[in-house]
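Student: Attaching a predicted model along with its sequence, questions to come.
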Amino acid sequence: MNNSLSILFYIKKSKADSLGKANIYLRITVDGKRAEFSIRRKITPARWSNETGLAKGNSSETQELNRYISSIKNKLYQCEQRFIDKGIPITSKKLRDALLEKETKFKMLIEEFENHNNQVEKLIGIDFAPNTLIRYKTTLNHLKKFLLNEYNIKDIALNQIDNVFINRLEYYFKTSENCGHNTTFKYISNLKKIVRIAYNNGWIKKDPFVHYKTKYKTVDREFLTEQEIQTLIEKDFRIERLNQVKDIFIFCCYTGLAYIDVKKLVNSHIVLGIDGEYWINTKRTKTDSKINIPLLPSAYNIIKKYQNFSEIIDDDKVLPVLSNQKMNAYLKEIAVICEINKNLTFHLARHTFATTVTLTNGVSIESVSKMLGHKSLRTTQHYAKILDKKVSEDMNALRIKMSGVKQTNSNKSIK
């Protein structure tokens with residue numbers, strides 16, 4: 001934004017009219033490139049000062065003309081500052097058009113992002129979950145900081161976002177904000193949505209993300225082993241609140257429910273299934289996908305334990321779930337007491353259900369995906385880890401089978 005702006009008011013004596021008056025012109029020069037136009041005022045050359053770019057004399061007519069020239073100059077500087085504030089590259093032609101009120105109405109990133117978030121907020125519970133809005137708002141706040149820190153502007157025109165801007169933003173997230181690769185990827189993806197909206201609406205002529213290449217990195221998700229689950233089950237805490245949090249966590253280890261879904265679980269969601277056993281029949285808040293989960297004995301026993309719990313009986317809730325923040329805080333305390341050296345969070349229960357409870361025990365990945373409420377099997381594969389124990393069991397079965405084949409062939413050869 002270090003543009004060199006030069007302003008010059010001048011006349012063209014050679015084009016004076018029949019009365020000897022010449023048009024006054026304004027020449028705008030930015031970085032050596034010019035744009036000029038007539039300000040629609042005339043003056044006799046003798047009354048014009050080339051040095052000051054103003055009319056000479058003290059007559060009321062002269063003073064009025066000089067005030068007009070001064071107002072044009074001030075308005076031009078205001079246009080320049082507006083361009084700087086919005087992050088719009090300054091050219092002589094754009095300044096001229098802005099001064100003549102021919103300025104194109106640029107769609108601005110922060111403004112449109114805020115409009116988008118306002119729409120999402122009105123659709124909470126219909127098309128979006130509350131946490132989705134939180135993620136968009138977090139991304140917006142990061143973008144505001146980025147523009148101020150890196151460009152010293154409060155907003156930027158959407159048509160000025162290019163591959164350089166995106167890569168610079170990615171670097172900013174990873175360095176200044178200390179974001180991991182996947183967190184950065186999520187923030188960039190939220191920006192990408194706004195840009196795609198602008199492109200689809202014809203607000204920008206090209207999509208700057210066409211040549212931007214990055215992808216989500218698969219990470220090894222933690223989960224509890226059978227031994228660790230058993231340690232939690234057998235542990236009886238002196239503080240009743242810890243026992244309560246532990247029970248709800250174990251319940252999710254055996255059902256795969258996310259925090260928001262177990263918090264919203266009501267008694268009508270517990271139904272008799274086609275097998276005559278109790279099932280959870282509800283929808284995932286995040287994706288609105290229908291989920292049906294057979295209740296394992298450990299999960300059903302926890303429901304029975306709290307069915308007459310005073311804190312939930314009036315709300316028809318199944319379990320007394322605290323806020324996500326409190327639940328995770330208590331879980332960290334539980335992990336220390338039980339000497340579980342893992343980052344015990346509520347979502348870890350979901351990973352545990354996918355791995356230790358189901359896949360390790362031979363449940364098909366298709367069934368696990370359906371119970372987790374995933375719309376794509378690929379999503380389930382990110383959660384699910386086939387443990388060495390399962391691999392060992394499968395290979396032992398194959399080893400026995402192949403040994404039997406060899407033995408049969410060997411007997412045939414003897415005969």
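Tutor: Yep, that arrived.
Student: Would you give the sheet partners of the top strand by length along the chain, along with the direction of each?
Tutor: Using DSSP state E, we find that the single longest strand of the chain is strand 33-43. In its sheet, strand 33-43 lies beside strand 22-30 (antiparallel), with partners assigned from DSSP bridges.
Student: Touching the partner strand from outside, list them.
Tutor: With contact meaning Cβ atoms under 8 Å, 6 or more residues apart in numbering, strand 22-30 is reached by 3-13, 15-16, 34-45, 48, 69, 72, 76, 90-92, 95-96, 99. From N, CA and C alone the C-beta is placed, and that goes for glycine too.
Student: For the stretch 101-250 of the chain, just list every one of the helices.
Tutor: With helices called from DSSP state H, counting those that start in this stretch, the stretch 101-250 of the chain shows them at 109-122, 130-146, 163-175, 181-200, 226-234, 240-253.
Student: How about residues contacting stretch 199-218?
Tutor: Outside of stretch 199-218, the residues within contact range by Cβ under 8 Å, 6+ apart are 107, 158-159, 161-163, 165-167, 170, 181-182, 185, 188, 192, 195-196, 198, 382.
Student: ah, wrong one, I meant stretch 153-169
Tutor: By Cβ under 8 Å, 6+ apart, stretch 153-169 touches 1, 84-89, 106-112, 143-144, 146-148, 150, 188, 191, 194-195, 198, 203-205, 208-209, 211-212.
Student: and that stretch, which residues are buried?
Tutor: Residues 153, 155-161, 165-166, 169 are the ones in stretch 153-169 that count as buried (16 or more other Cβ atoms under 10 Å).
Student: same deal with stretch 62-79?
Tutor: So for stretch 62-79, counting by 16+ other Cβ under 10 Å, buried means 65-66, 69, 72, 76, 79.
Student: Keep only those of the residues you listed that are in helices.
Tutor: Applying DSSP state H to these, the entries found in helices are 65-66, 69, 72, 76, 79.
Student: Direction included, what does the helix or strand just after the longest strand of the chain pair up with?
Tutor: Moving toward the C-terminus from strand 33-43, the next helix or strand (DSSP states H and E) is strand 48-49. Strand 48-49 has its sheet partners listed here by DSSP bridges as strand 54-55 (antiparallel).
Student: tell me the mean pLDDT for the strand it pairs with?
Tutor: Strand 54-55 comes out with an average pLDDT of 94.
Student: Identify all contacting residues around that strand.
Tutor: 9, 43, 47-49, 62, 65-66, 69.
Student: The same query, at a cut-off of 6 Å, please.
Tutor: With contacts defined as Cβ atoms under 6 Å, 6 or more residues apart in numbering, strand 54-55 is touched by 43, 47, 62, 65-66.
Student: picking up where we left off before, can I get the longest strand of the chain in PDB, CA atoms only?
Tutor: Extracted in PDB, the C-alpha atoms of strand 33-43 (Å, rounded to 0.1, in the frame of the first residue of the first chain):
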ATOM      1  CA  LYS A  33       0.500   6.200 -14.100                       C
ATOM      2  CA  ARG A  34      -1.900   9.000 -14.900                       C
ATOM      3  CA  ALA A  35      -5.600   9.700 -15.000                       C
ATOM      4  CA  GLU A  36      -7.100  13.100 -15.700                       C
ATOM      5  CA  PHE A  37     -10.400  14.900 -16.200                       C
ATOM      6  CA  SER A  38     -11.900  18.300 -16.400                       C
ATOM      7  CA  ILE A  39     -13.300  19.700 -13.100                       C
ATOM      8  CA  ARG A  40     -15.900  21.600 -15.200                       C
ATOM      9  CA  ARG A  41     -14.600  25.000 -14.300                       C
ATOM     10  CA  LYS A  42     -13.000  27.600 -16.500                       C
ATOM     11  CA  ILE A  43     -10.600  30.500 -16.000                       C
END
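Student: remind me which residues of the stretch 101-250 of the chain are low pLDDT?
Tutor: 102-105, 218-220 (pLDDT under 70).
Student: so the closest residue in space to Ile312 that isn't next to it in sequence, which of the three states?
Tutor: Distances taken as Cβ to Cβ, 6 or more residues apart in numbering place Pro320 nearest to Ile312, at 5.0 Å, with adjacent residues excluded. With DSSP: H, G, I helix; E, B strand; the rest coil as the basis, Pro320 sits in coil.
Student: Please list all residues in contact with Pro320.
Tutor: With Cβ under 6 Å, 6+ apart, Pro320 has these contacts: 309, 311-312.
Student: How about Glu114?
Tutor: Contacts of Glu114 (Cβ under 6 Å, 6+ apart): none.
Student: Would you mind measuring from it to Lys264?
Tutor: Counting by Cβ to Cβ, to the nearest Å, the gap from Glu114 to Lys264 is 29 Å.
Student: What's the separation between the residue nearest to Ile312 and Tyr306?
Tutor: Taking Cβ to Cβ, one finds Pro320 at 6 Å from Tyr306.
Student: Please list the residues outside the longest strand of the chain that contact it.
Tutor: 21, 23-28, 55, 92-93, 96.
Student: same deal with stretch 172-191?
Tutor: For stretch 172-191, contacts defined as Cβ under 6 Å, 6+ apart pick out 136, 139, 146, 170, 216-217.
Student: what separates that stretch from the chain centre, distance-wise?
Tutor: Relative to its chain's centre, stretch 172-191 lies at 9 Å (Cα atoms, centre = their mean, to the nearest Å).
Student: Show me how this structure divides into domains.
Tutor: 5-99, 109-200, 226-384 (automatic domain parsing).
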